[in-house]
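[1] Mind looking at a prediction? Sequence and model below.
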Amino acid sequence: GAPPPAPGATGDGMPREPKSIAVLLEGMRGEMLTVELKDDAEVSGVLEAVDAGMNMELGNARKVLASGEAVELEACFVPGTAVRYVHIPPGVDLLRRYSQHEANVQRLARAARPPRHLRPSAMPPPEERTPIYAGPAAPPPEGGG
């Protein structure tokens, strides 16, 4: 038989479910987070954007270097490869945030989908389409008409 779908795959051609903490962070946009970096620095700020690679943009940020020196920044880009830990504020319900984010993603996906009659699956494959005669007009049938 067919091999089993890859872990996380639906098996019906649909994309795999994301399995990264970045998906949880998507639901944290607008929240104040503290990100501990691999170089022992820390950045605190409002999460403005995050992608699948855990690259983050924090607004109204404060970066505290390993030396203890603090720098105030209007915006700070944090590469995902530099992240050691992400501290989630106490009292934040991650499950609720994730559920809200997923509902928004599904709503946007439905809104972006073309109407059913314009989707490629609505058209039969070429071999099943009725050919349209594009040559010269056929002569009238014999016997008048």
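    Perfect, I can see it now. Residues are numbered from 1 along each chain as shown.

[2] How confident was the prediction at R110?
    On pLDDT, R110 comes in at 81.

[3] Next one: it from S99, what distance?
    R110 sits 17 Å away from S99, going by CB to CB, to the nearest Å. Any C-beta I mention is one placed from the backbone N, CA and C, and that applies to glycine too.

[4] ok, the two, which is more surrounded?
    A count of neighbours by other CB atoms under 10 Å puts S99 above the other of R110 and S99, at 12 against 8.

[5] Wasn't the more buried one part of a helix?
    Yes: secondary structure assignment (DSSP: H, G, I helix; E, B strand; the rest coil) places S99 inside a helix.

[6] Now the helix or strand containing A61: average pLDDT?
    Assigned by DSSP states H and E, A61 belongs to strand 56-64. The average pLDDT for strand 56-64 rounds to 95.

[7] which helices and strands sit right next to it?
    Strand 56-64 is packed against strand 32-37, strand 42-50, strand 70-78, with contacts defined by 3 or more CB pairs under 8 Å, 6 or more residues apart in numbering; DSSP states H and E.

[8] hmm, who's touching the second one?
    Put plainly, it is strand 42-50. Identification of contacts with strand 42-50 by CB atoms under 8 Å, 6 or more residues apart in numbering yields 22, 25-26, 28-37, 56-64, 73, 75-76, 78.

[9] Same question for the last one.
    Strand 70-78 is touched from outside by 35, 37, 43, 45, 48, 55-65, with contacts defined as CB under 8 Å, 6+ apart.

[10] Narrow the residues you listed to those that are buried.
    35, 37, 43, 45, 48, 55-58, 61, 63-64 (16 or more other CB atoms under 10 Å).

[11] circling back: and which of the contacts of strand 70-78 is nearest E142?
    Nearest to E142 among these, counting by CB to CB, is N55 at 75.5 Å.
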